[in-house]
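Undergrad: got a predicted structure plus its sequence, pasted below:
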Amino acid sequence: MEDYFCRILNIASDLGHCFIQFVEDAFGFIYCESNPYYDYEASFAGYFSVEEVLLPPHNTRENQNVNTCPLFDGLRSTSSLIKQGLMLPLYGLELGCKLVTHCFICCTLYVQKTQVKLQGLINRLRTTLEGSSEDIGWLQKIKNLPPVNDGTSQFKELLADVRNGVHQLPNSLVYLFIPGLFSNHSPLYFVTTKKFFSKMGLTCHIAKIHSEASVEKNAWELKQYIEELYWGSGKKIMLLGHSKGGIDSAACLSIYWPELREKVAGLALVQSPYGGTPIASDIVRQGQIADKESRRIMEFVICKLIKGDMRALEDLTYEKRKDFISKHKLPSELPIISFHTEASSAPSVLATMSLIAHTELPWIPLPQFVTESDEFYSFLASNMVPVVIPMSAAMAISALHLRLRYGERSDGLVTRRDAEVPGSVVVRLERKLDHAWMVYSSMKRNPMEADATEMCEALLTMLLQIGKARERKVS
């Protein structure tokens, strides 16, 4: 009988122990959930296992008598059922606590992930809306850079002389024109200007470089090109670069000036994004909406279609220009001119077509109604048909976009403030001219206005006068 009472006391003690264990598990569930090694089966097994309580110690006669006693077997089974029945509500309560805990943790994680995604979307939207507003004109914000000098009035006087037949460019120099981006796919890039200079008996060349290559690569090629022209002619080289061609030229002189000091007479940057351009920055900027998609499109166009280098576009961004200018500065003794314009947004510009190439057609007999006085007689007679595109319309739309978004005046691709080189003589022309006007001929030429060839001559003449003035000042 004493053994039976001992067993009952053990069962009661075990129930108390299980209850205490349940309370600890129920109120310590946060630690259990955070512990990856927590074993639920072992925890539940502790409540259902009564082997230690009901089995007596080994190697005793009493144990053998109890194990063989039917009354003890019934009591053990009954006590097990009673214990499980008493613990069943506690199991349900613990399971409910754990379900609530899991739901709370899942909701918390979901809210945190939603906050992260929402914050990322807000940051992308802010980056997209801000765009290049903080970068445009960054060169003017740096105090230790040399100031620019306004030479617009001097340029207008020289342009008037050129139009009146006064040509001051000497034949003692070689004039090198450096084309801009995508010029390899534009056969007429600077062609009209070169013909104009050749008729005056001047030695001029168009640099044969891969315009879709990176700035540093083109700088190296230009350095070799300049040295070849110098050693071949014995004359100094005067450079005129348009758009990215001006950036390539400036990079060449910044990096290799010790080797080119005695070979270069001056540099004119025409509509060149020396500080960068918002068009390139807005296309390849990371962290904005659809940044990966826009980059894939530009990589397909530049790398796949035209076989160029994506760095050609990246080198025109504000980030790349800031890094390059901080490492390579233009020499102070070099005569430099910065020329920039503003595109027109008038409705009449939308109908203006730009001549970019000629295509040859098979020979066909001319109709009888086509006479020599017709506008396109020369093209038809030579089987050459002009290839025209609405370049001015595209530049007008782009300039309007930059004006509305950033409040900046531009030629369609380059803002006025980003085209001014520190320490240079700046020509701020008031006439409405887009980015492509300087290199492509318009189908509607106004004889009362100066054309691109006359402006190039005036710019180089002005550059020559600046160089002579500096030589007199030094001497």
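TA: Looks like it arrived, so ask away. Residues are numbered from 1 along each chain as shown.
Undergrad: residue 186: how many residues sit nearby?
TA: Look at residue 186: counted by other C-beta atoms under 10 Å, it has 19 neighbours. (C-beta placed from N, C-alpha, C; glycine too.)
Undergrad: I'd like the distance between residue 187 and residue 179.
TA: 11 Å (C-beta to C-beta, to the nearest Å).
Undergrad: those two: who's more crowded?
TA: Under the criterion of other C-beta under 10 Å, the comparison of residue 187 against residue 179 puts residue 179 first, with 22 against 12.
Undergrad: so which residues of the stretch 301-450 of the chain form helices?
TA: Assigned by DSSP state H, counting those that start in this stretch, the stretch 301-450 of the chain shows helices spanning 311-314, 318-327, 377-381, 391-406.
Undergrad: helices or strands up against the first one?
TA: It refers to helix 311-314. For helix 311-314, the contact count by 3 or more C-beta pairs under 8 Å, 6 or more residues apart in numbering; DSSP states H and E identifies helix 278-284 as packing neighbours.
Undergrad: average pLDDT for the helix it packs on?
TA: Mean pLDDT, helix 278-284: 90.
Undergrad: that older thread, where among the helices of the stretch 301-450 of the chain is the average confidence lowest?
TA: helix 377-381 (a mean of 50).
Undergrad: please work out which of the helices of the stretch 301-450 of the chain is packed deepest.
TA: Stretch with highest mean neighbour count among the helices of the stretch 301-450 of the chain: helix 311-314 (a mean of 21; mean count of other C-beta atoms under 10 Å).
Undergrad: what distance separates that helix from the centre of its chain?
TA: 9 Å (C-alpha atoms, centre = their mean, to the nearest Å).
Undergrad: now what about it, what contacts it?
TA: 181, 211-215, 244, 280, 283-284, 298, 302, 320 (C-beta atoms under 8 Å, 6 or more residues apart in numbering).
Undergrad: out of those, which is most surrounded?
TA: In the contacts of helix 311-314, the most neighbours by other C-beta under 10 Å go to residue 244, 28 neighbours.
Undergrad: which residues does that residue contact?
TA: By C-beta under 8 Å, 6+ apart, the neighbours of residue 244 are 180, 181, 211, 215, 272, 273, 312, 316.
Undergrad: JSON lines please, covering the residues you listed and showing distance to residue 397 and secondary structure.
TA: Below are the contacts of residue 244 laid out as JSON lines (distance: C-beta to C-beta, whole Å; DSSP: H, G, I helix; E, B strand; the rest coil):
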{"residue": "180", "distance to residue 397": "19", "secondary structure": "coil"}
{"residue": "181", "distance to residue 397": "18", "secondary structure": "coil"}
{"residue": "211", "distance to residue 397": "23", "secondary structure": "coil"}
{"residue": "215", "distance to residue 397": "27", "secondary structure": "helix"}
{"residue": "272", "distance to residue 397": "22", "secondary structure": "coil"}
{"residue": "273", "distance to residue 397": "18", "secondary structure": "coil"}
{"residue": "312", "distance to residue 397": "23", "secondary structure": "helix"}
{"residue": "316", "distance to residue 397": "19", "secondary structure": "coil"}
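Undergrad: which among these gets closest to residue 256?
TA: residue 215 (13.0 Å; C-beta to C-beta).
Undergrad: what's around the nearest residue to that closest one once chain neighbours are set aside, how many residues?
TA: Excluding the flanking residues, the one nearest residue 215 by C-beta to C-beta, 6 or more residues apart in numbering is residue 315, at 4.2 Å. Per other C-beta under 10 Å, the neighbour tally for residue 315 reads 27.
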